[in-house]
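**Q** predicted coordinates and the sequence they were generated for:
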Amino acid sequence: MPVSDSVDDRAATDGEATGASDEPSLPINELFESLQGEGTLAGVPSVFVRTSGCNLRCWFCDSYHTSWEPTHATMSLEEIVAEVESYDAGHVVLTGGEPLLHEESVELLERLSERGYHTTVETNGTIYRDAPIDLASVSPKLESSTPTPDRDPKGEGEWAEKHEDARIDLEALAALVEAYDSQLKFVVTDDEDMPEILDLLGELRGVADVPIRDGDVLLMPEGATRERLAETRTRVADLAMEYGFRYTPRLHVDLWNDAPET
Ligand SMILES: C[S@@+](CC[C@H](N)C(=O)[O-])C[C@H]1O[C@@H](n2cnc3c(N)ncnc32)[C@H](O)[C@@H]1O
Ligand SMILES: Nc1nc2[nH]cc(C(=O)O)c2c(=O)[nH]1
Ligand code: SF4
Ligand SMILES: [Mg+2]
C-alpha cells in the first residue's frame with residue numbers, strides 16, 4: 001500500500017502527519033500474506049509487515065520504495081495488528097526497509113507475541129533492539145552492496161560513503177546473535193564475496209558469546225527478478241557446497257517474479 005512520499009531515512013512515525021493520538025504508529029509500505037521466500041522458514045505461510053525507511057542504500061535493493069524513494073502509509077499499531085489478524089497465518093515477518101530503525105517496532109513485536117504469533121525480523125544487522133523476536137534473520141551487507149557511481153540506481157554515488165561506513169556494526173551483530181535464534185543470510189553475486197564473508201564470520205566469532213554454526217550461515221543469490229536469479233543462483237549453490245554453508249532460494253521470486261505484495 002504505497003501512499004505518501006517521504007525523503008527521510010527514518011520516515012515520520014510520530015503521528016503528526018495524521019494528527020493521530022498517543023497510539024504509536026509505524027510507516028508501512030505494504031502489508032500482505034505470502035509464503036516466506038527466504039531462509040530456514042522458506043515455504044511457511046506468513047504475514048509480511050514492511051516498514052519504510054532505511055539507513056543503508058544497497059544498489060540492488062529489491063524494496064526500492066522503502067530505501068531509495070521511501071513511501072508509506074502511517075498505520076497505528078492497533079491497525080497493523082488488526083490487519084495481521086485478518087489473515088490466517090501464524091507467522092509474521094517484520095521487514096523493511098530497516099524495521100529496527102523504528103523504536104515502535106518493539107511494541108508491535110510485543111503485541112504480536114502476546115497474541116501467539118511467531119515473529120521473524122528481517123534486518124541488515126546494524127541496529128540492536130530488545131524485543132520478542134523468535135528468529136532474527138540478519139543480512140549483513142558486503143562491499144558488493146555499496147552503491148558506487150557505476151551501480152547507483154538513482155544518482156552518482158552520493159550514498160556510497162555513508163553506506164560503506166554504516167553497513168557493518170560488529171557490536172550490533174554480536175548483540176543480535178547473542179540475544180536471538182538467528183540466521184546470517186548473505187547476498188552473494190559471485191566468488192569475490194566469499195573472502196569477506198569468511199573474514200566477517202571470523203571477527204564475529206571472536207566477539208560473540210555464542211557459537212555461530214556454519215549451518216546458521218546462508219548464501220542467498222543476488223537477484224530481484226527471475227532473469228537475474230538465473231544468472232547467479234547456480235554459482236551461489238556451488239559456493240554453499242564448497243564452503244559448507246547453507247543455500248537459500250528466493251522462492252517468492254521464482255513464484256511471482258518481482259510483483260509487489262509477494
Ligand atoms: C529488503 S531487505 C529488508 C530487511 C533489511 N533491510 C535487510 O536488508 O536485511 C529483505 C531481504 O532482501 C534481501 N535483498 C534485497 N535485495 C536483494 C536482491 N536484489 N537480491 C537478493 N536479496 C536481496 C536483503 O539482503 C534481505 O535479506
Ligand atoms: N515472500 C517473501 N519472502 C520474503 N522474505 C523476506 C522478505 C523481505 O523482503 O524481507 C520477503 C518478501 O518480500 N517476500
Ligand atoms: S539494507 Fe535492506 S532495505 Fe536497506 S537498502 Fe539494503 S536491502 Fe534495501
Ligand atoms: Mg523482499
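**A** Cool, got the structure. Residues are numbered from 1 along each chain as shown. Ligands and ions are numbered 1, 2, ... in the order given.

**Q** residues of the stretch 51-200 of the chain that sit close to ligand 3?
**A** 54, 56-58, 61, 63, 66-67, 96-98, 124, 141 (CB under 6 Å from any ligand atom). Heads up, the C-betas are built off the backbone N, CA and C, glycines and all.

**Q** again, only this time at 8 Å
**A** 54-58, 60-64, 66-68, 96-98, 122, 124, 139, 141, 145, 187 (CB under 8 Å from any ligand atom).

**Q** buried stuff in the biggest helix by length in the chain?
**A** For the chain, the longest helix by residue count, based on DSSP state H, is helix 226-243. Going by neighbour count (16 or more other CB atoms under 10 Å), the buried part of helix 226-243 is Arg228, Leu229, Thr232, Arg233, Val236, Leu239, Ala240.

**Q** just send the residues you listed back as TSV, with pLDDT and distance to Val207 too.
**A** TSV is the format used below for the buried residues of helix 226-243 (pLDDT from 0 to 100; distance: CB to CB, whole Å):
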residue	pLDDT	distance to Val207
Arg228	98	34
Leu229	98	33
Thr232	98	30
Arg233	98	32
Val236	98	27
Leu239	98	25
Ala240	98	25
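
**Q** re the thing from before, so which of the residues of the stretch 51-200 of the chain next to ligand 3 are in strands?
**A** Members of those lying in strands (criterion: DSSP state E): Glu122, Val187.

**Q** go ahead and build a ChimeraX selection from the buried members of the residues of the stretch 51-200 of the chain next to ligand 3.
**A** Only the buried entries of those go into this ChimeraX selection, using 16+ other CB under 10 Å:
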select :54,55,56,57,58,60,61,62,63,66,67,68,96,97,98,122,124,139,141,145,187
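
**Q** by contact count, what packs against the longest strand seen in the chain?
**A** Secondary structure of the chain per DSSP E: the longest strand is strand 25-35. The contact analysis (3 or more CB pairs under 8 Å, 6 or more residues apart in numbering; DSSP states H and E) places strand 25-35 against strand 45-51, strand 71-76, helix 77-85, helix 104-114, helix 251-256.

**Q** can I get those in a markdown table with mean neighbour count and mean pLDDT?
**A** Formatted as a markdown table, those follow (neighbours: other CB atoms under 10 Å; pLDDT from 0 to 100):
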| stretch | mean neighbour count | mean pLDDT |
| --- | --- | --- |
| strand 45-51 | 24 | 99 |
| strand 71-76 | 21 | 98 |
| helix 77-85 | 16 | 98 |
| helix 104-114 | 19 | 99 |
| helix 251-256 | 17 | 98 |
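
**Q** which of the buried residues of helix 226-243 sit farthest apart?
**A** Greatest spacing in the buried residues of helix 226-243, by CB to CB: Arg228 and Ala240 (18.2 Å).

**Q** would you mind measuring the gap between the ends of stretch 242-260?
**A** 34 Å (CA to CA, to the nearest Å).

**Q** any residue of that stretch touching ligand 2?
**A** Yes. Using CB under 8 Å from any ligand atom, stretch 242-260 reaches ligand 2 at Arg250, Leu251, His252, Trp256.

**Q** indicate whether that stretch makes contact with ligand 1.
**A** Yes. Counting by CB under 8 Å from any ligand atom, contacts between stretch 242-260 and ligand 1 involve Arg250.

**Q** ok now that stretch, how far from the chain's centre?
**A** Taking CA atoms, centre = their mean, to the nearest Å, the mean C-alpha location of stretch 242-260 is offset from the chain mean by 14 Å.
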